[in-house]
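**Q** Got a predicted structure plus its sequence, pasted below:
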Amino acid sequence: MKLVGISGSIIGSKTSKAVHEVLQTAKVKDASMITELIDLKDYKVEFVNGKPLNDYNDDTIKVVTTILSADFLLIGTPIYQASIPGVLKNLFDHLPIDALKSKVTGIVTTGGTEKHFLVTEYQLRPIINYLKGVVPVGNVYVHNHDFSKDNEITNTDIINRIDRLVEEMIYLQNGISNRVEK
């Protein structure tokens with residue numbers, strides 16, 4: 001199985017670190033797992049303007065095709081002004097309506113206030129549901145104070161929640177894959 005993690009910001013490194021932590025945990029849980037990190041700061045994804053995908057630049061095509069080829073996904077995003085960054089919303093706009101069909105799509109968010117965890121439920125979950133993804137229950141919110149000065153996650157509760165998220169994602173995706181193959 002291939003798990004693709006998306007770090008949905010073009011600035012900072014906390015979200016990328018959190019996504020990387022989930023991908024590493026997945027590899028520990030299943031050594032045969034193929035993981036890939038798409039850090040949007042490393043790509044020039046063009047703004048959506050209604051053209052077919054093949055008319056966009058190579059970075060846009062690569063990011064979208066990588067997402068479409070994944071067995072399941074992890075969306076990582078910082079929360080700014082009680083919302084997701086525009087660069088992530090733009091990426092979602094590039095995806096076809098059934099892009100996440102039969103794909104478990106976990107969420108890890110980072111932010112600076114305790115209330116920002118609500119963005120997962122009121123913004124990201126509806127977008128993922130619209131794209132026909134399956135959202136786990138145990139998504140993870142990492143507050144800025146849960147990181148060290150070197151952007152390492154230091155809160156053991158968060159590390160345990162990441163572990164449970166990975167277990168749930170693998171369990172759900174295995175169930176979906178077995179059902180689809182029959």
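**A** Cool, the structure landed.
**Q** my hunch is that residue 19 is in a helix, does that hold up?
**A** Yes: counting by DSSP: H, G, I helix; E, B strand; the rest coil, residue 19 is part of a helix.
**Q** Might you report the residue contacts of it?
**A** Taking C-beta atoms under 8 Å, 6 or more residues apart in numbering as the criterion, residue 19 is in contact with 5-7, 37, 39, 74, 76, 108. Where you see a C-beta, it was placed from the backbone N, CA and C, and this is true even at glycine.
**Q** Restricted to buried residues, select those in PyMOL.
**A** Per 16 or more other C-beta atoms under 10 Å, the buried members of the contacts of residue 19 correspond to this PyMOL selection:
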select buried, resi 5+6+7+37+39+74+76+108
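**Q** immediately after the helix or strand of the chain with the lowest mean pLDDT, which helix or strand?
**A** Least confident element among the helices and strands of the chain, by mean pLDDT, DSSP states H and E: helix 118-119 (a mean of 86). Per DSSP states H and E, the first helix or strand lying C-terminal to helix 118-119 is helix 125-130.
**Q** so what secondary structure elements neighbour that next one?
**A** In this structure, helix 125-130 packs against strand 105-111, with contacts taken as 3 or more C-beta pairs under 8 Å, 6 or more residues apart in numbering; DSSP states H and E.
**Q** So what touches the strand it packs on?
**A** With contacts defined as C-beta under 8 Å, 6+ apart, strand 105-111 is touched by 14-15, 18-19, 22, 72-79, 116-117, 119-120, 124-125, 128, 133-136, 139-144, 162, 165-166, 168-169.
**Q** Low-confidence ranges, the chain, go.
**A** Low-confidence segments of the chain (pLDDT under 70): 180-182.
**Q** Show me the helices in it, by range?
**A** Assigned by DSSP state H, the chain shows helices spanning 14-29, 58-69, 86-94, 118-119, 125-130, 156-181.
**Q** Could you list the buried residues of the second one?
**A** Right, the one you point to is helix 58-69. 60-61, 63-64, 66-67.
**Q** Could you do the fifth one as well?
**A** Burial within helix 125-130, assessed by neighbour count using 16+ other C-beta under 10 Å, is assigned to 125, 127-128.
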